[in-house]
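Visitor: Structure here, sequence nowhere to be found:
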C-alpha cells in the first residue's frame with residue numbers, strides 16, 4: 001500500500017481531484033470530450049514544470065559544462081530508418097476482433113494477473129485496495145476483483161511473471177495469454193495474438209508531401225547529427241556532453257495512468273561522449289563514489305524477485321554490476337537530482353534492463369524508477385548506447401562523426417594493403433565499380449593475407465560482392481595487388497561511445513505530486529503539497545489581515561520587492577478567514593506566507609509562516625525578505641530562520 005508524505009494511507013482520488021481542481025494539469029480538449037494521452041498544464045503545473053527544468057539545467061548543464069542544443073521535432077524518414085526506429089520502435093498490441101478494442105499486450109497480462117492475485121488475497125481474508133472506476137472512462141480495466149483462492153504454486157508463478165514482465169517479447173506474451181486464458185477484461189472475448197505497432201507519429205514535410213517524416217520519439221538523434229559541430233565548438237576536446245530539453249511524441253497504444261503514459265511529453269536528455277579505450281572513466285567519479293543507490297539487478301529479476309540491494313556506486317562499478325564509471329557517475333547524479341527536487345528517497349530504485357528488454361543499441365541500461373500508487377514507474381533511463389548511433393549515421397551519410405587526436409607516440413602498423421589499377425578496373429566493372437571497391441575495402445586483414453597467397457599461386461582471386469553478377473567477382477593480378485607494408489599513424493581516430501541519461505519530465509512531476517502530498521489531521525478534505533521551496537510553483541503568499549485599505553500600500557510594496565528579487569508571490573485579499581486562505585495555498589504547495597496586520601502599519605514588521613509546521617516568526621519586512629530569499633535559494637532552512645527570528649504566537653491563524 002502506498003502512503004502519503006507523512007506515512008498515512010494514500011488516496012489517489014484526493015490527489016487527482018486536487019491536481020485538476022487547482023489546475024496543475026487538465027485533459028486537453030475536454031469540452032470536446034478530450035483525447036486520451038493528451039494533457040494541458042495550468043498555471044501551477046507550468047510553474048512547477050519550469051522550476052523542475054530550471055533545477056535540471058543547474059544540476060546537469062551548468063554543473064557539468066554541457067553544450068545545450070534545441071533541435072527540430074520534425075525528423076525525415078531516412079534519419080529514423082538509419083537509427084533503427086522505423087523498424088524497431090514498437091510495442092506489442094492485441095485486438096478484440098468483435099469489439100475492435102485494442103490492448104497493449106504486456107499491460108493486459110500485468111493487469112489480469114495482478115487482479116487475480118488481489119482476488120486470491122481477498123479469498124484468504126486479506127484486505128485489498130480496489131480502485132474506483134471513473135464513470136466517464138470506457139471500462140477497459142478488469143471489471144471486478146473475484147475472490148478466488150489460487151494454488152500457492154500459481155501465486156508464485158504469477159509473481160515471477162510480473163517481476164520480469166518487461167523481458168517478454170510479442171510471441172512470449174501471446175503464449176502467456178494462451179496459457180493463463182487472458183481475454184478482453186470487459187467482455188470476456190477472445191483476443192488476436194500480439195502484433196508489433198510502431199509508436200511514431202508519421203507526417204509529411206512540404207506542400208507536395210514528398211518528404212516522409214515523423215514527429216521525433218526522442219531528442220537524441222538531433223544531438224548525434226550535430227556531434228561534429230559540437231566537438232568543433234568544444235575545441236576538439238573530449239570527453240564532453242550535449243543536452244536537450246524539448247517535446248517528444250509517441251503514439252501510445254492505450255494511454256492510461258494520467259500523466260504517466262501520454263502521447264506528447266517533455267524530455268530532458270543528455271548525451272555524454274566518452275573515449276571507449278580508457279574504460280569509460282569519469283574525472284569526477286571520486287566525488288560521488290560513496291553515494292548509496294537501491295539497485296535491482298537483472299539476475300534478481302530473472303529469478304522472479306524484486307529485492308533491491310543498497311550499494312555504494314563505487315562498489316557497484318568495482319564489481320562490474322554497473323558497467324563503467326561514467327554510467328555509475330550519472331546514476332548517482334540522477335539520484336542527487338531527484339532528492340533535490342523533492343522525491344522521497346525511500347521510493348526510488350534503479351532497475352537494470354534485462355536482455356530482451358534492452359534497446360537494440362545498449363551495452364548496459366538502468367532505469368530510475370519511482371514508487372507511486374500505480375506501482376514502480378520508470379522516470380529516467382540511463383543507457384550506455386555504445387558507439388551505435390554515431391556509427392550508423394556516419395556509415396549512411398559518409399559524415400566523419402569521429403574524434404581525431406594526435407598520438408603521443410607514433411604508432412607503427414604492419415598490415416596487408418590493396419592497390420587497384422584504376423585505369424583497368426573502371427572499364428571492367430563499369431556501374432558495379434563502387435560496389436566491388438567497397439567489398440574489397442571491407443576485407444579483413446586475415447582475408448587479405450589469404451587472398452594474397454591465392455593471387456601469388458593462381459594469378460587471380462574471387463571475392464563475394466552482393467548484388468553484382470552471381471554474387472562473386474573474379475580479379476586477376478593485372479587489376480589488383482595485395483602486399484604487406486608498414487604504416488605510421490600519428491593521429492588516432494575513434495568513434496566515441498555515448499552514455500545517455502534521459503528524463504521524462506511529466507512522469508517526474510506526477511511522482512513529485514504523489515510523494516509530496518499529505519493531509520492535516522482533522523482537515524482531511526484539504527491536501528498539502530510539501531514541495532521544496534526551490535521548485536514550488538509560487539514561493540510566497542501575501543495575506544492582508546482584512547480588507548482594510550491601510551494594508552494595501554504595504555502589500556503592494558512587498559509584492560514589488562519580491563518581484564525585484566525574482567521570487568514569485570500571490571496576494572490573497574479575499575474575505576475568507578486567514579486560516580482558510582493559508583490552507584487553500586497549502587494545496588498549491590506555497591511554502592511561505594506573509595501576513596500584514598495593524599502592527600505592520602505601525603512598525604513595518606510582518607509575520608512569516610511556514611507551510612508544513614504552520615509555525616510563524618515576526619520581524620521587520622527587510623529581515624523577513626532576507627529570510628525568504630535565503631530559504632528559496634536553499635542557503636537556509638526554516639529551522640535556521642526560527643533560530644534567528646523571534647517566534648510569533650499572537651494568534652492561531654489555522
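Guide: Sure, I can see it. All of these numbers come straight from a predicted model, not from anything done at the bench.

Visitor: what ranges do the helices span in the stretch 151-300 of the chain?
Guide: Under the criterion DSSP state H, counting those that start in this stretch, the stretch 151-300 of the chain contains helices at 152-163, 170-179, 220-225, 227-233, 285-288, 298-302.

Visitor: and of the ones you listed, who's closest to residue 507?
Guide: Among those, the nearest to residue 507 by Cβ to Cβ is helix 220-225 (17.5 Å). Any C-beta I mention is one placed from the backbone N, CA and C, and that applies to glycine too.

Visitor: So which other helices or strands are in contact with the closest one?
Guide: Helix 220-225 sits against helix 77-83, strand 240-249, strand 264-274, helix 388-397, strand 497-504, with contacts defined as 3 or more Cβ pairs under 8 Å, 6 or more residues apart in numbering; DSSP states H and E.

Visitor: so which of those is the most packed in?
Guide: When those are scored by mean count of other Cβ atoms under 10 Å, the highest mean neighbour count falls to strand 497-504 (a mean of 24).

Visitor: Average pLDDT for the next helix or strand after it, rounded please.
Guide: Per DSSP states H and E, strand 497-504 leads on to helix 505-515 as the next helix or strand towards the C-terminus. Across helix 505-515, pLDDT averages out at 97.

Visitor: Also stretch 84-98?
Guide: Here the average pLDDT along stretch 84-98 is 91.

Visitor: Which positions in that stretch come out as buried?
Guide: 85-86, 89-96 (16 or more other Cβ atoms under 10 Å).

Visitor: would CSV of these with secondary structure be doable?
Guide: Output for those, formatted as CSV (DSSP: H, G, I helix; E, B strand; the rest coil):
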residue, secondary structure
85, helix
86, helix
89, coil
90, strand
91, strand
92, strand
93, strand
94, strand
95, strand
96, coil
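
Visitor: Put together TSV for these, with distance to residue 198 on each row.
Guide: Putting the buried residues of stretch 84-98 into TSV (distance: Cβ to Cβ, whole Å) gives the following:
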residue	distance to residue 198
85	8
86	7
89	6
90	5
91	9
92	12
93	11
94	16
95	16
96	21
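
Visitor: Looking at these, spot the one nearest residue 482.
Guide: Taking these together and measuring to residue 482 by Cβ to Cβ, the closest member is residue 86, at 39.0 Å.

Visitor: Find the nearest non-adjacent residue to that closest one, please.
Guide: The shortest distance from residue 86 to any non-neighbouring residue, by Cβ to Cβ, 6 or more residues apart in numbering, is to residue 80 (5.3 Å).

Visitor: looking at it, the one you found is touching residue 199, isn't it?
Guide: No: contact between residue 80 and residue 199 fails when scored by Cβ atoms under 8 Å: they sit 11.4 Å apart.

Visitor: follow-up on the earlier one: save the helices and strands packed on helix 220-225 as a markdown table, and put in distance to residue 39 too.
Guide: Formatted as a markdown table, the helices and strands packed on helix 220-225 follow (distance: least, Cβ to Cβ, whole Å):
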| stretch | distance to residue 39 |
| --- | --- |
| helix 77-83 | 25 |
| strand 240-249 | 13 |
| strand 264-274 | 8 |
| helix 388-397 | 30 |
| strand 497-504 | 13 |
